[in-house]
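>>> Attaching a predicted model along with its sequence, questions to come.
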Amino acid sequence: MKRGILLILSATVAVSLSAPAEAYTFLDRSYGTPQLGLSARARGMGGAGVALGNGPWSLVDNPGAMSLSKGTRVDVLGGLSRDSENRFVPLFDTFDSFVDENAVAVNDHTFGFLNGGAVVDPWDSVILGFGYFERYDPRYKYKDERRSTLTSDEVINNLILETEGVLRSLTFGASYPIQGGHGVGLAVNYYHADYSSRQALVPQASGSAQGSQELARRLTGFSVTLGGVATLSERITVGAALETAPQLDNDYTLFTNGEDVSPEVSNGDLDYPLRVQFGAAYRPRNDFRTTFALDLVYMPWTELKDSSPANPDDSAYMPPDRLQDTWEARFGLEHVFYNDLPARIGFRYGQSYAMDEADRAPFTFGFGYIVNAIRVDLGGEIGKRNSRQEPVRPRAEQGPAVGLSKDRIEDTTLTVTLGASYSF
């Protein structure tokens with residue numbers, strides 16, 4: 001039994017650490033992609049989880065929902081994501097007629113992640129939980145080449161954009177079950193991160209332009225999550241949660257060509273938006289257990305406050321005054337077969353806080369398997385989107401054949417997560 005537990009946990013850690021942390025989306029490079037529905041079960045159900053008891057993972061979505069899954073359990077989750085970003089520019093002939101779109105950058109990356117937590121039920125009255133979670137992920141890596149098209153195909157320089165670091169939270173919470181299938185809960189989140197965002201021109205030929213700009217941040221701060229669930233009938237459960245705006249201390253440093261050019265006052269605040277989340281779960285009357293889950297998530301990104309404007313030479317920075325409020329809908333279905341093994345599918349649609357056209361609409365899938373006291377869950381997500389974005393490299397550097405319109409961006413992602421839960 002102990003050997004089986006060690007094998008599963010070792011496999012999960014190996015999956016999460018087998019590749020470097022890199023890349024997802026240019027638009028989320030400044031503040032990161034919000035991470036919700038972290039468990040493999042929720043991932044397979046479109047990320048819906050407010051009205052479901054998901055053990056320690058409920059600390060992120062709705063701490064009140066911990067009351068729906070009593071008992072003591074330890075959870076660990078690892079995953080891999082294969083992400084690709086293709087950037088196309090419009091080409092015109094000498095008569096200013098559109099010819100085709102040409103790929104100027106094809107960036108494929110793989111990154112891993114690891115989360116975990118536990119819940120305990122010592123008194124049959126209050127359920128305690130804690131966990132360590134990735135909450136906002138800005139990791140990104142981009143490279144394109146400028147070539148001489150007049151006399152040769154020589155590479156002149158490389159444009160490199162890199163963002164490293166993840167905003168994580170160490171979270172502690174408690175849930176109080178109320179008779180009748182109801183519950184309320186509270187969680188305290190301690191956030192911390194070291195971000196590094198760099199833009200560099202790396203010369204490949206003598207006399208070509210070079211230079212670099214970098215913004216380094218150290219972030220620490222807190223937020224509080226309040227939540228509750230109510231069982232309206234044996235078939236319907238509803239839930240709601242509110243996370244207050246994470247208020248982070250922001251110590252930052254600006255570098256130009258490796259030289260510290262920070263202002264005299266280089267510390268302040270970075271306040272992320274609050275989060276409001278509603279959810280419902282419906283269990284129809286049939287022979288095998290089936291659950292439909294739906295979540296709605298609202299985040300007012302226009303309220304984000306940032307005391308460290310990036311170096312104006314950094315064209316990839318997303319200033320707060322360009323952000324927009326977002327809604328996200330998450331839908332999932334779980335069907336449990338006769339041998340108590342679940343299969344899951346889901347879908348979610350989320351607005352981008354950086355651009356109207358860049359909304360996300362991935363499909364999700366997953367299943368579970370039980371080995372004695374261990375439940376193993378696999379969850380996956382497949383998504384693709386197209387958008388039109390401002391050029392990263394100035395058009396004047398791309399040659400006379402490149403038109404002045406926006407770049408077309410294709411983002412695709414495939415994410416697989418493996419979770420293990422041990423109950424005792």
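Nice, I can see it. This is a predicted model, so every value here is computed, not measured.

>>> Skipping adjacent residues, who's closest to Phe92 in space?
On the basis of Cβ to Cβ, 6 or more residues apart in numbering, the spatially nearest residue to Phe92 that is not a chain neighbour turns out to be Gly403, at 5.2 Å. Heads up, the C-betas are built off the backbone N, CA and C, glycines and all.

>>> mind listing what that neighbour touches?
Residues counted as contacts of Gly403 (Cβ atoms under 8 Å, 6 or more residues apart in numbering) are 89-92, 98, 395.

>>> Pull up the per-residue confidence for it.
pLDDT, the model's per-residue confidence, is 80 for Gly403.

>>> Let me know the distance separating it from Leu91.
According to Cβ to Cβ, to the nearest Å, Gly403 and Leu91 sit 7 Å apart.

>>> anything in contact with each of those two?
Listed contacts common to Gly403 and Leu91 are Phe98; contacts here mean Cβ under 8 Å, 6+ apart.

>>> Buried residues, the helix or strand hosting Leu226. List them.
Taking DSSP states H and E as the definition, one finds Leu226 inside strand 211-231. Residues of strand 211-231 classed as buried by neighbour count (16 or more other Cβ atoms under 10 Å): 212-219, 221, 223, 225-231.

>>> Tell me the first helix or strand C-terminal of that strand.
Where DSSP H and E defines the elements, the next helix or strand beyond strand 211-231 is strand 236-243.

>>> got the CA coordinates for that following strand in PDB?
Listed next in PDB are the C-alpha coordinates belonging to strand 236-243 (Å, rounded to 0.1, in the frame of the first residue of the first chain):
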ATOM      1  CA  ILE A 236     -29.400  21.000  -6.600                       C
ATOM      2  CA  THR A 237     -26.500  22.700  -4.800                       C
ATOM      3  CA  VAL A 238     -25.500  26.300  -5.200                       C
ATOM      4  CA  GLY A 239     -22.500  28.200  -4.100                       C
ATOM      5  CA  ALA A 240     -20.800  31.600  -4.200                       C
ATOM      6  CA  ALA A 241     -17.400  33.000  -3.300                       C
ATOM      7  CA  LEU A 242     -15.700  36.400  -3.100                       C
ATOM      8  CA  GLU A 243     -11.900  36.900  -3.000                       C
END
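
>>> Check the offset of it from the chain's centre.
Its chain's C-alpha centre lies 21 Å from the corresponding centre of strand 236-243 when counted by Cα atoms, centre = their mean, to the nearest Å.

>>> Neighbouring strands - and their directions - for it?
Partner strands and pairing direction for strand 236-243 (DSSP bridges) are strand 211-231 (antiparallel), strand 275-282 (antiparallel).

>>> Show me what counts as buried in that strand.
Across strand 236-243, burial judged by 16+ other Cβ under 10 Å covers 237-241, 243.

>>> orientation of the next helix or strand after that strand relative to strand 211-231 in degrees?
Sequence order places strand 247-256 as the next helix or strand after strand 236-243, per DSSP H and E. The directions of strand 247-256 and strand 211-231 differ by 160 degrees, with axes from the mean of the first three to the mean of the last three Cα atoms, to 10 degrees as the criterion.

>>> other SSEs contacting strand 247-256?
strand 211-231, strand 267-271 (3 or more Cβ pairs under 8 Å, 6 or more residues apart in numbering; DSSP states H and E).

>>> contact partners of the last one?
Outside strand 267-271, the residues that touch it by Cβ under 8 Å, 6+ apart are 217, 219, 221, 245-252, 303-308.

>>> just the buried members of the residues you listed?
Among the contacts of strand 267-271, those scoring as buried are 217, 219, 221, 245-246, 248-252, 304, 306-308 (criterion: 16+ other Cβ under 10 Å).

>>> and which of those residues is nearest Arg360?
Here the nearest of the buried ones among the contacts of strand 267-271 to Arg360, counting by Cβ to Cβ, is Leu304; it sits at 18.9 Å.

>>> residues contacting that closest one?
If you count contacts by Cβ under 8 Å, 6+ apart, Leu304 has them with 31, 271-273, 320, 323.

>>> how close does it get to Tyr272?
For Leu304 relative to Tyr272 (Cβ to Cβ), the value is 6 Å.

>>> Can you work out which residues contact both of the two?
Between them, Leu304 and Tyr272 share these contacting residues under Cβ under 8 Å, 6+ apart: Tyr31.

>>> and the angle from the strand holding Leu226 to strand 267-271?
In this structure, strand 211-231 runs at an angle of 40 degrees to strand 267-271, with the same axes, to 10 degrees as the basis.

>>> Off-centre distance for strand 211-231?
The gap between where strand 211-231 is centred and where its chain is centred comes out at 12 Å by Cα atoms, centre = their mean.

>>> Looking at the buried ones among the contacts of strand 267-271, which has the smallest pLDDT value?
Note: of the buried ones among the contacts of strand 267-271, the lowest pLDDT belongs to Ser308, at 72.

>>> Skip the chain neighbours and tell me the closest residue to it.
Tyr252 is the one closest to Ser308 (Cβ to Cβ, 6+ apart), at 4.0 Å.

>>> can you pull the contacts of the one you found?
Neighbours of Tyr252 in contact, by Cβ under 8 Å, 6+ apart: 215-218, 262, 266-268, 307-308.

>>> between these, which is nearest Thr412?
Closest to Thr412, out of all of the contacts of Tyr252 and judged by Cβ to Cβ, is Leu215, at 27.8 Å.

>>> So that closest one sits against Thr256, correct?
No: at 10.6 Å, Leu215 and Thr256 do not qualify as touching, with contact defined as Cβ atoms under 8 Å.

>>> just the helices in this protein please.
2-17, 40-44, 58-61 (DSSP state H).

>>> Least confident of the ones you listed, on average?
Taking mean pLDDT as the measure, helix 2-17 is lowest among those, coming in at a mean of 35.

>>> Pass me the low-pLDDT residue ranges in the stretch 301-424 of the chain, would you?
Judged against pLDDT under 70, the low-scoring parts of the stretch 301-424 of the chain cover residues 309-319.

>>> Wait, Trp301 touches Tyr353, no?
Yes: the pair Trp301 and Tyr353 qualifies as a contact (Cβ under 8 Å) at a distance of 4.0 Å.

>>> who has more neighbours, the two?
Residue environment comparison for Trp301 versus Tyr353 gives the larger neighbour count to Tyr353, 24 against 19, counting by other Cβ atoms under 10 Å.

>>> How about the contacts made by the more buried one?
Taking Cβ under 8 Å, 6+ apart, one finds 31, 299, 301, 323-326 in contact with Tyr353.

>>> before we move on, what about Phe88?
Under the criterion of Cβ under 8 Å, 6+ apart, the contact list for Phe88 reads 101-104, 407-410.
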